[in-house]
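Visitor: build me a structure from this.
(one chain, ligands or ions: 1)
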Amino acid sequence: MTGAPRDTKWNPPAPEDSPQGGGFRAEFDVTTDRGGPRYGEFVEQVRTFMDKVRYACPTPELADEVIEELKQFNAKLDTMLVDEWHTPSGTRIDLPSRGNITLPPYEITDGGEDGVSATVEFRRFHLGGNGVAHGGHVAVAFDDLGGMAAALNVHGVARTAYLTVNYRSLTPLETPLTLKTWVERRDGRKLFVKGTLHEGDRLCADLDALFIALRPGQA
Ligand SMILES: CCCCCCCCCC(=O)SCCNC(=O)CCNC(=O)[C@H](O)C(C)(C)COP(=O)(O)OP(=O)(O)OC[C@H]1O[C@@H](n2cnc3c(N)ncnc32)[C@H](O)[C@@H]1OP(=O)(O)O
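Guide: Predicted coordinates for the structure are as follows:
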């Protein structure tokens, strides 16, 4: 299990009249092959690049060189762009964070209607200050995995209505951390989600959030 639980309920068939324009797709098309067998390495190289950029102090000459090479890479990727429903980033459940480059890399260790457990590791580029994680990145991890707990509970898509993160102690970088989220209470479309982030026994942060299950076709 890596970026998401391998649960067939995760990929419900879209009804015939599934509204796609303007609304979330009823069908969340999970894949393990889009982007090819090395897509995970591709994402990891970009993350490593961002780690270096966060700490590098390039000479003007090196900056010129890297800019030119990046322009070439960007031009190559421009020839391969697809819409969000067909990009591997976010749908590759065999990869950390479903291959989503924008998320802190996590691996799901357990997941279902009762909640989600994951190992998450904040990278060097997630630096906030003085060697520890930026609080916004901690909130991103909680939002995604809180949203996953809500989605697995309702077998559908839910959006965040509010998200409160209590930062209880510092969150280290480059350290495997345990993140858990679960639906504590459901009231119709309202899913009250809790979560915790631990380094070993030490609580780094906890979550109190409300997710709203979307109606069919709702954006
Ligand atoms: C697939 C794998 C997993 C991926 C997970 C990814 C998770 C990522 C999640 C996100 O980041 S979503 C992006 C951030 N969120 C948004 O952009 C949401 C913006 N807001 C909205 O779209 C709407 O406000 C929302 C869908 C949340 C609710 O609108 P609705 O029209 O569907 O519902 P409505 O406003 O009628 O509220 C439904 C109930 O929730 C309550 N409610 C809504 N917002 C609330 C709030 N902020 N605080 C307290 N209660 C709230 C509202 O009072 C009401 O309660 P009652 O049913 O008891 O009357």
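Visitor: now do the buried residues in the helix or strand hosting His137.
Guide: Element membership for His137 (DSSP states H and E) is helix 135-154. Using 16 or more other Cβ atoms under 10 Å as the test for burial, helix 135-154 gives 137-154. Any C-beta I mention is one placed from the backbone N, CA and C, and that applies to glycine too.
Visitor: list the contacts of stretch 180-188.
Guide: Contact with stretch 180-188 is made by 113-118, 142, 145-146, 148-150, 153-154, 191-196, 207, as judged by Cβ atoms under 8 Å, 6 or more residues apart in numbering.
Visitor: average pLDDT across the helix or strand where Thr178 lies?
Guide: Element membership for Thr178, per DSSP H and E: strand 177-187. Average pLDDT, strand 177-187: 98.
Visitor: cool, and stretch 100-118?
Guide: Stretch 100-118 comes out at a mean pLDDT of 96.
Visitor: ok, residues contacting that stretch?
Guide: Identification of contacts with stretch 100-118 by Cβ under 8 Å, 6+ apart yields 1-5, 7, 43, 46-47, 89-90, 96-97, 119-123, 126, 137, 140-141, 144-145, 148-149, 152-153, 178-183.
Visitor: can I get the buried part of those residues as one ChimeraX selection?
Guide: Only the buried entries of those go into this ChimeraX selection, using 16+ other Cβ under 10 Å:
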select :2,3,4,5,43,47,89,90,96,97,120,121,122,123,126,137,140,141,144,145,148,149,152,153,178,179,180,181,182,183
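Visitor: which element is the residue lying farthest from the centre of the chain on?
Guide: Centroid-distance maximum for the chain: Glu61 at 35.1 Å, with Cα atoms, centre = their mean. Following DSSP H and E, one finds Glu61 within helix 60-78.
Visitor: list the buried residues for the following helix or strand past that helix?
Guide: Using DSSP H and E, the next helix or strand after helix 60-78 towards the C-terminus is strand 106-112. Buried residues in strand 106-112, counted by 16+ other Cβ under 10 Å: 106-108, 111.
Visitor: what does stretch 207-219 give?
Guide: 207-214.
Visitor: tell me the one of those residues nearest the ligand?
Guide: Ile212 (4.1 Å; Cβ to the nearest ligand atom).
Visitor: for that closest one, give me its contacts.
Guide: Counting by Cβ under 8 Å, 6+ apart, Ile212 touches 158-159, 161, 189-191.
Visitor: out of the residues you listed, which are buried?
Guide: 158, 191.
Visitor: for the contacts of Ile212, name the two members farthest from one another.
Guide: Pairwise distances across the contacts of Ile212 (Cβ to Cβ) peak at 11.5 Å, for the pair Arg159 and Lys190.
Visitor: find residues that contact each of those two.
Guide: Listed as contacting both Arg159 and Lys190 by Cβ under 8 Å, 6+ apart are 211-212.
Visitor: what about Leu177, neighbour count?
Guide: 23 (other Cβ atoms under 10 Å).
Visitor: that one bridge partners, please.
Guide: Val120 (DSSP bridges).
Visitor: what residues does it make contact with?
Guide: So, once contact is read as Cβ under 8 Å, 6+ apart, Leu177 ends up touching 119-122, 171, 197-199, 204.
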